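Engineer: model the structure of this input:
(chains A and B)
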Amino acid sequence: MAEETAATRVTSRGSGGDGGKESPLASQRGTTTINDLVVTKVAAIAARETSGVYDLGGGAARALGAMTERVGVSMSDDRSRGVSVEVGEREAAVDLTIVVEYGESIPKVSDAVRENVIKRIEGITGLSVPEVNIVVNDLHFPGDAQPEESRVS
Amino acid sequence: MTAPLTGSQPPRPDSAAPSERVLLARLALDAARDVPGVISADAGRFGTRVTADREERLPGVLATALADGGYAVELYLVCEAVPLHPLAERIRERVERAAASAGLAAALRYVDVAIEDVVTPDETGIR
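Structural biologist: Numbers count the residues shown, from 1 in each chain, chains lettered A, B, ... in the order given. Next up is the predicted model:
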């Protein structure tokens, strides 16, 4: 009876249906809920720590991030730009937009990102990750991010 | 004739002892904060995840009465980026132990743990 109650509570809170299977995060002693923001953040960190990834996010998001950084304003979602997640009771699907360093193999970098994101999310949250979709939005050339020198003295 | 304001008034009663609900919420919050890996409790954007009475306000924990007379405790927490499922189990165990040592084990039905955010090592200085 208590098991049914716990499962019902999880179902009512979960953001996605998983075919009625019981969540590994539910027990008779209570449930564990992991906010989407947590999964987003873990995915972003995992992607950033992969060799060959220069940055995350589309052009507009990165431009805005660079501008806010320049004026010393830290945006709360800076760390999670370029990441979109859909979190269910047992699984999380991840969409990433990344910028790859010029010269790196995009397939290899994508595979490495996918592997690291899955490893981190499964390790930290206990959710399984059936898919990580990656959009390579741009290439970064050395010197691209150098601050522009002033034309006037 | 009015009585003087001081001297003849009955002694003011001590503030009412906290209810079982507030006691459970307090001990759950204290127990959760003591677990390594837990950074803070989170009352939510609108500050509504709070258990309060006249004496105190406990952000990030909700203790709710159930139909059977017991209480459900919900904890909303910000944690380090460590494996969260085992961490939630450790929190749950710690809360249950604290409730048992306070003589409130019978009143505690279940402990729900919601991880609202994780904090990376470079962010810990910010929070």
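Engineer: contact residues of chain B facing chain A?
Structural biologist: B:73, B:81-85, B:88-89, B:92, B:96, B:110-118, B:120, B:126 (CB under 8 Å from any CB of the partner chain). All C-beta spots, glycine's among them, are computed from the backbone N, C-alpha and C.
Engineer: of the residues you listed, buried ones?
Structural biologist: If you count burial by 16 or more other CB atoms under 10 Å in any protein chain shown, the buried members of the residues of chain B next to chain A come out as B:73, B:81, B:84-85, B:88-89, B:92, B:96, B:110-118.
Engineer: which elements pack onto the longest strand seen in chain A?
Structural biologist: Across chain A, the strand with the greatest residue count (assigned by DSSP state E) is strand A:128-140. On a contact count with 3 or more CB pairs under 8 Å, 6 or more residues apart in numbering or on different chains; DSSP states H and E, strand A:128-140 meets strand A:91-101, helix A:106-125.
Engineer: deepest in the core, which of these is it.
Structural biologist: Comparing the helices and strands packed on strand A:128-140 by mean neighbour count (mean count of other CB atoms under 10 Å in any protein chain shown), strand A:91-101 comes out on top with a mean of 21.
Engineer: tell me the strands beside it, with direction?
Structural biologist: For strand A:91-101, the paired strands and their directions (DSSP bridges) read strand A:53-56 (antiparallel), strand A:83-87 (antiparallel), strand A:128-140 (parallel).
Engineer: I'd like the average pLDDT over that strand.
Structural biologist: Looking at strand A:91-101 alone, the average pLDDT works out to 95.
Engineer: residues contacting the helix or strand bottoming out on mean pLDDT in chain B, please?
Structural biologist: Taking all helices and strands of chain B together, the one with the lowest average confidence (mean pLDDT, DSSP states H and E) is strand B:50-52, at a mean of 90. The contact list for strand B:50-52, computed with CB atoms under 8 Å, 6 or more residues apart in numbering or on different chains, reads B:21-22, B:25-26, B:43, B:57-63.
Engineer: want to throw these into TSV with neighbour count, secondary structure and pLDDT?
Structural biologist: Converted to TSV, those look like this (neighbours: other CB atoms under 10 Å in any protein chain shown; DSSP: H, G, I helix; E, B strand; the rest coil; pLDDT from 0 to 100):
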residue	neighbour count	secondary structure	pLDDT
B:21	17	helix	91
B:22	19	helix	92
B:25	27	helix	95
B:26	18	helix	96
B:43	18	coil	93
B:57	11	strand	90
B:58	20	strand	94
B:59	17	strand	95
B:60	25	coil	96
B:61	27	strand	96
B:62	22	strand	94
B:63	24	strand	93
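Engineer: what's the farthest-apart pair in the residues you listed?
Structural biologist: Farthest-apart pair in these is B:21 and B:43; separation 17.0 Å (CB to CB).
Engineer: state the distance from the nearest residue to residue A:55 once chain neighbours are set aside to residue B:104.
Structural biologist: The shortest distance from residue A:55 to any non-neighbouring residue, by CB to CB, 6 or more residues apart in numbering or on different chains, is to residue A:99 (4.4 Å). Plainly put, residue A:99 is 53 Å away from residue B:104 if you go by CB to CB, to the nearest Å.
Engineer: and residue B:17, helix, strand or coil?
Structural biologist: Residue B:17 carries the three-state label coil when classified by DSSP: H, G, I helix; E, B strand; the rest coil.
Engineer: show the pLDDT at it.
Structural biologist: Each residue has a pLDDT score; the one for residue B:17 is 77.
Engineer: now do the same contact list for residue B:72.
Structural biologist: Contacts for residue B:72 were tallied using CB under 8 Å, 6+ apart; they are B:63-64, B:66, B:109-112.
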